[in-house]
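1. Fold the following, please.
(chains A and B)
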Amino acid sequence: MKKMNIQSLFTLCLLTGVVLLTVDSVSAQSRADYDYAFIGDPLPDPLMQLNKETYVLYGCAYCHGINLAPVGEAADLRTSPIVAADVNANVIEPVLRNGIPQTPKSSPMPQFSDLSEREIQSIAAYIHYARAQARYEDLTKEPASAGDPVAGGIYFEQHCVSCHSGRRDLEGIGNRYDVNALREEVLVPARFRTPASFKLDRRNDTEVNAGRAKHQALLENYTEPNIKNIVAYLQTLK
Amino acid sequence: MERTILNLTRRDFAKLALAGASGLVSLSGLGSCSRGQAPAANRSLIHGVQFGVQPFCYHDLVMNHENRPELIRRIVQNGFDMVELHATWCEPKFNGPGVTAVEAREKLREWRVTAPATYYQSIRKEFDDAGISIFTYYVNMDASYQNVGIDYTDAEIEATFTAAKILGASGCIGSQGLKATQRLASFPGKYGMFMGVHNHSNLSDPDALNTEESFIKAFSFSPDIMATFDTRHFTAANGDCLAFLEKHHARVRNIHLGDRRKNQGRSAPFGQGDAPIIEILRMVRDNKWPIVVMLEFEHGTLRTGVEETQLMFDYCKRALA
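-> I've put the predicted structure just below:
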């Protein structure tokens, strides 16, 4: 048993070393001319990194900011109603394709009519991701606290009951988590904290995929009272 | 009387260009751009075309006075000896916790009208020591969003031109509209300077600088109004850059050289848009026009600003070879 452990450990170290060397060499080769200071470290999810690079390569970051903090007179995509209304680029695509020529701003939003559908989807996906990140950072600046459980219950009825129930999956959740953990579960549920799986049964799981998309959309648009009230409501589910 | 660039006449400029091409002289000791013990200049005078850089190119570098040493380092690294300097690289910021935007704007105004000459002299020395001339001082002297919708007072305009003069600039430039330009038109002459008007591509705003017609209106306000001709935005607004330069080169003091696609298209790396970059450069070179070419990019890149700017500068050098 002891021998097996040593062998396993040796194999693990060897494999880890090979993986690290491979990652490091790929990283060093492909990232040599990468502007870390402006773009930031590559994201853990390579697909989202591709989306981010597409956003940067077409110049979106120059005006709208790498993390959506706008430069100059560009629209703040963190609070943009256009982005809030968008699902899978259905609103963002026509804006990108046509630009916004009629504007009181000195420099109108250009048109990007030559982009492929994939590129449009990538840009939209990164905008939603960065917007969710920005909301998350904003909503977790202060320690968690509970708000109004009645208002939280109303929000729950409006936005959550299509998937969740206080008598089924969320029964007793108020006993299992403290206020900080509850807030974290509301903002980014544990099951969605890793990149989406490409294992066929997971990839084709429409329920999981819909849940991931729904929670990201919610995160993008939560207000501070929303979160406090939902947390307060969930605390009542004993 | 010919108009001057860097306080040089066109003839001086042509001589300088010739000398620069052969690497025989530096700008030191010439006119107001004397740099004392500055390192040899001319490094961005390429085949008679004077290049500079618009610091927007360094996308990651926040435009504030704390980052000025890094800006100077990058300009030198890219091989430029001339820059268009935004006021934000010089002025302190007054916004912060508990200070409203309007309060910060008022404090900035107070600071501007009382800033001592020595403040700007020391900034100029930083650039002089690095062998960099400040060709233009970029300030939007209007009631735009950059000024929280609050207009400049006359005293503030005077203070801005005074600061620009101390910095060694030949002119102030801004992206203000026609109405604001008309108001500013009488000021530059008092300082022996020009007021550069910079175009964008907004065709929906009748007050905007965007087309040849709008430039002609601006020129009519004063002989001291000059074009800071942006090739990217002019192309995006479906303007003909070459035709514009052919007709109005005498009123063009500098060019913001960059590429964009027509029909309000996106910014693009040099050669991938519709702006005739090579033709513009050759036109300036072959006609010996005293027009400074400021490289500027807004297109996306994964490279650093220094690397991308170098690629653009190398593109221009090949265009003039």
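2. ok, for the closest residue to chain A within the stretch 51-200 of chain B, nearest residue in space, not its chain neighbours?
-> Of all residues in the stretch 51-200 of chain B, B:Asp60 sits closest to chain A, at 3.5 Å by CB to the nearest CB. Quick note: C-beta positions are derived from backbone N, CA and C, even for glycine. Nearest non-adjacent residue to B:Asp60, counting by CB to CB, 6 or more residues apart in numbering or on different chains: A:Phe38, 3.5 Å away.
3. so who does that neighbour touch?
-> By CB atoms under 8 Å, 6 or more residues apart in numbering or on different chains, A:Phe38 lies in contact with A:61, A:66, B:59-60, B:304-305.
4. pLDDT score assigned to the most centrally placed residue in chain B?
-> Nearest to the mean C-alpha position of chain B, by CA atoms, centre = their mean, lies B:Glu84 at 3.8 Å. Predicted confidence (pLDDT) for B:Glu84: 98.
5. Find the nearest non-adjacent residue to it, please.
-> B:Thr136 (4.6 Å).
6. my hunch is that the one you found is in a helix, does that hold up?
-> No. Going by DSSP: H, G, I helix; E, B strand; the rest coil, the assignment for B:Thr136 is strand, not a helix.
7. Could you list the residues of chain A in contact with chain B?
-> Residues of chain A found near chain B (CB under 8 Å from any CB of the partner chain) are A:33-35, A:37-39, A:53, A:55-63, A:72-73, A:99, A:101-108, A:110-114.
8. Give me the buried entries from the residues you listed.
-> A:34-35, A:38-39, A:53, A:55-63, A:99, A:101, A:105-108, A:110-112 (16 or more other CB atoms under 10 Å in any protein chain shown).
9. so where do the helices sit in chain A?
-> Counting by DSSP state H, residue ranges of the helices within chain A are A:2-30, A:36-39, A:46-57, A:60-64, A:81-85, A:92-98, A:117-139, A:149-159, A:173-176, A:179-187, A:200-203, A:206-221, A:224-235.
10. Now do the buried residues in the last one.
-> Same thing as helix A:224-235. Buried residues in helix A:224-235, counted by 16+ other CB under 10 Å: A:226-235.
11. distance between it and the chain's centre?
-> Mean-position distance between helix A:224-235 and its chain equals 20 Å (CA atoms, centre = their mean, to the nearest Å).
12. before we move on, back to that, ok, the residue nearest to B:Asp60 to A:Thr236 distance?
-> 46 Å (CB to CB, to the nearest Å).
13. any idea how far A:Phe192 is from the closest residue to chain B within chain A?
-> Here chain A gets closest to chain B at one residue, A:Phe38, 3.5 Å apart by CB to the nearest CB. Distance, A:Phe38 to A:Phe192, using CB to CB: 29 Å.
14. before we move on, what about B:Asp240?
-> Distance, B:Asp240 to A:Phe192, using CB to CB: 53 Å.
15. So which of those two has more stuff around it?
-> A:Phe192 (16 against 13; other CB atoms under 10 Å in any protein chain shown).
16. Setting aside sequence neighbours, what's the nearest residue to the more buried one?
-> A:Arg212 (5.0 Å).
17. Check A:Glu224 too.
-> Residue nearest to A:Glu224 in three dimensions, not counting chain neighbours: A:Leu139, with 6.2 Å by CB to CB, 6+ apart.
18. you'd agree that neighbour is up against A:Leu187?
-> Yes. Using CB atoms under 8 Å, A:Leu139 is in contact with A:Leu187, at 6.4 Å.
19. between the two, what contacts are shared?
-> Joint contacts of A:Leu139 and A:Leu187 (CB under 8 Å, 6+ apart) are A:222, A:227.
20. Quick check: which ranges of the stretch 201-321 of chain B have low pLDDT?
-> By pLDDT under 70, the stretch 201-321 of chain B contains no weakly predicted segment.
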